[in-house]
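Asker: Below is the sequence, then the predicted model.
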Amino acid sequence: MRRGIAWIPEERRVLPNLTVLENLKLGMLGVGAREAEVAARLEEVFRHFPRLRERIDHGGRFLSGGEQQMVAIARALVARPTVMLVDEPTEGLAPMLVQSLTGILAAINRGGTTILLVEQTLEVALALSRRVYVMDQGRVQFQGTPDELRRDPTIQQRFLEV
């Protein structure tokens, strides 16, 4: 985090015994956020995730999967990273929440944060990416733009089952 890199793991790793607020404050440890900055950083994430403001005093164990994913992303965002490593953010989420989360990640990226995304939902990956890598068995099988991938039926049929 001190180097401007934030990791959002697939498992979310929201601490169940801490509140939403306490989980978010963990994201600011070690980055030198002054007390005056804490409120501003929290406001920034609440603009992306207003539901978290409503649930601020709720323990992590009482959050839905979607709310836990919001906490995981917001916890990374409060550190104001330059790069976010995001692993399978849409796994297990309802389609409506997937669409919302895709929009939020796109907005974060437009705000200047680079996102390295690992995602199995092709539509989400293509919507968020400027560059796409298709990997199989640990080897890169394709690299290019989303449009180049859309125009490559061989790669789609062989690796993406589209």
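Answerer: Here it is on my side, so go on.
Asker: Look up which helix or strand residue 126 falls in, please.
Answerer: helix 122-128 (DSSP states H and E).
Asker: List the contacts of that helix.
Answerer: 89-90, 98, 102, 105-106, 109, 115, 117, 119, 132, 146, 149-150, 160, 162 (Cβ atoms under 8 Å, 6 or more residues apart in numbering). Just so you know, the C-beta spots here come from the backbone N, C-alpha and C atoms, and that holds for glycine as well.
Asker: Buried residues of stretch 37-56, list them for me.
Answerer: 41, 42, 45, 46, 48, 49, 51, 52, 55 (16 or more other Cβ atoms under 10 Å).
Asker: can you list the residues that contact it?
Answerer: Around stretch 37-56, the neighbours that count as contacts under Cβ under 8 Å, 6+ apart are 19-21, 24-25, 28, 33, 63, 67, 70-71, 73-74, 77-78, 80, 104, 107-108.
Asker: how near is residue 139 to residue 157?
Answerer: 18 Å (Cβ to Cβ, to the nearest Å).
Asker: More neighbours: these two, which one.
Answerer: A count of neighbours by other Cβ atoms under 10 Å puts residue 157 above the other of residue 139 and residue 157, at 10 against 7.
Asker: ok, the more buried one to residue 63 distance?
Answerer: 39 Å.
Asker: buried set for stretch 26-38?
Answerer: Buried-residue list, stretch 26-38, by 16+ other Cβ under 10 Å: 26, 27, 28, 31, 33.
Asker: Quick check: end-to-end length of that stretch?
Answerer: 11 Å (Cα to Cα, to the nearest Å).
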